[in-house]
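> missing the sequence, but the structure's below:
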């Protein structure tokens, strides 16, 4: 597949992030409208009932600020995932939710862990490491953009802020790294110039024929060279000025 065919914009690049925002905002609106609290559906580490949070926790948020902070990052990263890695996007999201949630269930404190931040760390980690592993210039550039925008997120995989699920962040970060290593995504072949190919022969290159083996420019053929090699001919075409030609 060519580079242009691989990175082709589709409606999913907008539709999928929009669907994700509708889901998390819809759940929060239901909580407000019905006066209920879904926090108990979050991940409760090392309890059988707490395993349900592996699936439900990304859709639950504790406050409007919590929801707002996750919305923008989730929308940007999901859009980037579907544009650059659309052939494995669903796999990354589904496996990312399950694996990061399960890691949180194993290492988390005895508290309800909720929010889409675990998935956000999965996506940021996957996009960064996948681009580095691929060595493809567009994906490496995307990795650098992720570092520039979300590099400060790295601090929050450690217990630096009270009340924040750093375990969920760490689980998401490790999951993204793991998926970047094991999930095989199609990468467009890097265009190679003729001189970069293994079967390239310098003697067949018209430009390099002007230089010798030391890189010095070859001298133009002399009249003697032309006489010796009758196959070499230089034709000159010219037009004489006519005396009858009018002047202006």
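Perfect, I can see it now. For clarity, every value in this text was computed on a predicted model and none was experimentally measured. Numbers count the residues shown, from 1 in each chain.

> While we're on residue 142, how confident is the model there?
pLDDT for residue 142: 89.

> Next: residue 166.
On pLDDT, residue 166 comes in at 96.

> Now do it: how many residues are near it, please.
Residues near residue 166, counting by other C-beta atoms under 10 Å, number 18. Any C-beta I mention is one placed from the backbone N, CA and C, and that applies to glycine too.

> out of everything not next to it in sequence, what's closest to it?
residue 159 (4.9 Å; C-beta to C-beta, 6 or more residues apart in numbering).

> tell me which element the one you found is part of?
Under DSSP states H and E, no helix or strand contains residue 159.

> how much space between it and residue 48?
Counting by C-beta to C-beta, to the nearest Å, the gap between residue 159 and residue 48 amounts to 26 Å.

> what about these two, which has more around it?
Shown here are residue 159 and residue 48; by other C-beta under 10 Å, residue 159 has more neighbours (12 against 7).

> contact partners of the longest helix along the chain?
Counting residues, the longest helix in the chain under DSSP state H turns out to be helix 12-34. When contacts are defined by C-beta atoms under 8 Å, 6 or more residues apart in numbering, helix 12-34 is touched by residues 36-38, 58-61, 64, 67, 70-71, 74-76, 78-79, 82-83, 86, 89, 116.

> and those residues, which are buried?
When those are checked for burial by 16 or more other C-beta atoms under 10 Å, the buried set is 38, 58-61, 67, 70-71, 74-76, 78-79, 82-83, 86, 89, 116.
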